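>>> Okay, sequence plus prediction incoming.
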Amino acid sequence: MGIVRIGLAGCGSVSQRGLLPHLAADDIRPWCELTAVMDVVPGRAQASAEKFGAKLAFEDYDEMLASEIDAVVLASPIGLHYEQAIKAIEAGKHLHLNKTMTTTKAEADDVIAAAEAKGLVVVSSPGNGLHCSNMRIREIVESGELGRVYWAEIGTAGGGHEFESFRTGDDVLANVNPAWYYKRPGGGPMYDMAVYALHRITAILGPVQRVTGMSGIGLERRHFKGEEIIVDMDDNTHLVMEMGKGVFCLLYGSNSASGPRHPFASPFISGSEGSVTANAERIEILGRNVLGHAGTETGRRVEQPDTRIPWVFGVHKEIPERHVYADIMHMVDCALHGKKPVVSAEHARHVIEVIELGYKAAETGITQTCTTTFDIQPWELVHCD
């Protein structure tokens, strides 16, 4: 295989803002090309192909699978991922799935087994948990500087996709209806946003063993350009997770307003000797073990996180959705060179199980036990600056 010919399914918001500009860039041509795009909305795939230079445009997913492509990128609504992933694997295509891979553990099991049987690469976003900044937090925790870890807090909140400025246009590329985010299956802030927090905290502290929580709907009706959207998927979920050895984590996913004291998917971890908190700009360590270190007489140390991401170089540093693009290029790299993905489907499956069992715990009032696990492998910091 000289290069990986990519077919992108789903030309909505995430693709228009980030994925298509990344994949249309000339500097990735040595490894891959955007060959085909597909979207069920009439005219959207064709307009995307013309704007971003794809050779082929389809409104039918099966027709795209039958074209001359080597890999599929799924940027479609989450509830469609399972069926589309299985079809792509059956057609012999390598696969990248935007978060989340599926909506249930059973579906994730099927995807993993089908890909293994065919010898195909599956990379499932988000790989953010393996970024340098999170691996540094993992090092701090494992060093013992915080003492015995007691608990952590992490989560995501966002007011709603109908308020995104991207959607204000009336043309076929910008007029993207957000209704699916509030519908079953696959809607709701857990699958859409808290998945980032879950990948991050599990990459730092390890797999979840047990989960309990509460969940419900805050706003039952939303509106987009005069259309009423009936919300039938929980949009306000709060979980308590046991990470093993009596370490607990509070996790929330909510379609409500966020604020500076609760940055998106930013962890706080508390131990017997100290604590660590992190956001995009800094990692801050507080505690007794910090005392006496040079320049940290106050018991406080601030580190600047390493913000480099594999495959993010040149123009890609300025385009949105850099983390998803990096995951796609990881799939390309693995397909070209026979590598085993470290942005693994097994990690994605574990996070999906946590979400699924969290909803079940909220519905039944019974704490649920996780059955899946995953390994953390280093993600080589390639092709970045």
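Great, that's in hand.

>>> Mind splitting the protein into its structural domains?
In terms of domains, the chain is parsed into 4-127+313-343, 128-309+349-369 (source: automatic domain parsing).

>>> average pLDDT for the first one?
Just to be clear, that refers to domain 4-127+313-343. Across domain 4-127+313-343, pLDDT averages out at 98.

>>> And for stretch 156-173?
The pLDDT scores in stretch 156-173 average 93.

>>> Straight-line length of it, end to end?
Length of stretch 156-173, first residue to last, Cα to Cα, to the nearest Å: 27 Å.

>>> what does stretch 157-169 give?
25 Å.

>>> Make 42 the starting number, not 1.
Sure, I'll start counting at 42 from here, so that last one is stretch 198-210.

>>> Buried residues in it, which are they?
By neighbour count with 16 or more other Cβ atoms under 10 Å, stretch 198-210 contains the buried residues 198-199, 201-203, 208. Every C-beta, even on glycine, is put in place using the N, C-alpha and C of the backbone.

>>> now, which of the residues you listed lie within strands?
Those of the buried residues of stretch 198-210 mapping onto strands are Ala198, per DSSP state E.

>>> which one among the buried residues of stretch 198-210 gets closest to Lys358?
Of all the buried residues of stretch 198-210, Gly199 has the smallest distance to Lys358: 23.8 Å, by Cβ to Cβ.

>>> Can you tell me how far the closest one is from Pro219?
Between Gly199 and Pro219 the distance is 12 Å, computed by Cβ to Cβ, to the nearest Å.

>>> go on, Asp374?
From Asp374 across to Pro219, the span is 32 Å (Cβ to Cβ).

>>> which one of these two has more residues nearby?
Counted by other Cβ atoms under 10 Å, Asp374 and Pro219 do not tie: Asp374 has more neighbours, with 21 against 18.

>>> what are the phi and psi angles of the residue nearest to the more buried one when sequence neighbours are not counted?
Among residues not flanking Asp374 along the chain, Lys380 sits closest, at 6.3 Å (Cβ to Cβ, 6 or more residues apart in numbering). Main-chain torsions, Lys380, degrees, to the nearest 10: phi -90, psi 150.

>>> Run a quick neighbour tally on Lys380.
The local packing of Lys380 (other Cβ under 10 Å) involves 13 other residues.

>>> Okay, it and Phe354: tell me how far apart.
According to Cβ to Cβ, Lys380 stands 19 Å off from Phe354.

>>> Flag every buried residue along the host helix or strand of Ile153.
Taking DSSP states H and E as the definition, Ile153 sits inside helix 146-159. For helix 146-159, burial by neighbour count (16+ other Cβ under 10 Å) applies to 146, 148-153, 155-156.

>>> now the helices for the stretch 242-391 of the chain?
Here the stretch 242-391 of the chain has its helices, by DSSP state H, counting those that start in this stretch, at 363-378, 386-405.

>>> who wins for proximity to Asp276 among these?
Using Cβ to Cβ, the nearest of the helices of the stretch 242-391 of the chain to Asp276 is helix 386-405, at 12.3 Å.

>>> So what's the residue count around the residue nearest to Val288 when sequence neighbours are not counted?
Spatial nearest neighbour of Val288, chain neighbours left out: Val190 (5.2 Å); criterion: Cβ to Cβ, 6+ apart. Around Val190 there are 24 other residues, counting by other Cβ under 10 Å.

>>> quick one: contacts for Val190?
Counting by Cβ atoms under 8 Å, 6 or more residues apart in numbering, Val190 touches 182, 246, 288, 310-312.

>>> repeat that with 10 Å
Residues counted as contacts of Val190 (Cβ atoms under 10 Å, 6 or more residues apart in numbering) are 182-183, 245-246, 284, 286-290, 310-314, 316-317.

>>> Can you turn the buried subset of those into a selection I can paste into ChimeraX?
This is the ChimeraX syntax for the buried subset of the contacts of Val190, where burial follows 16+ other Cβ under 10 Å:
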select :182,245,246,284,288,290,310,311,312,316,317
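
>>> Can you tell me which of the contacts of Val190 end up in strands?
Those of those mapping onto strands are 284, 288-290, 310-312, 316-317, per DSSP E.

>>> In TSV: those residues, plus pLDDT.
TSV is the format used below for these (pLDDT from 0 to 100):
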residue	pLDDT
Met284	97
Val288	98
Phe289	98
Cys290	98
Ile310	98
Ser311	97
Gly312	96
Ser316	95
Val317	97
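
>>> Serialize those residues to JSON lines and add fields for distance to Pro301.
Listed next are those as JSON lines, based on distance: Cβ to Cβ, whole Å:
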{"residue": "Met284", "distance to Pro301": "27"}
{"residue": "Val288", "distance to Pro301": "27"}
{"residue": "Phe289", "distance to Pro301": "25"}
{"residue": "Cys290", "distance to Pro301": "22"}
{"residue": "Ile310", "distance to Pro301": "19"}
{"residue": "Ser311", "distance to Pro301": "20"}
{"residue": "Gly312", "distance to Pro301": "24"}
{"residue": "Ser316", "distance to Pro301": "18"}
{"residue": "Val317", "distance to Pro301": "18"}
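
>>> Tell me the one of those residues nearest Arg390?
Among the ones in strands among the contacts of Val190, Met284 lies closest to Arg390 (Cβ to Cβ), at 17.3 Å.
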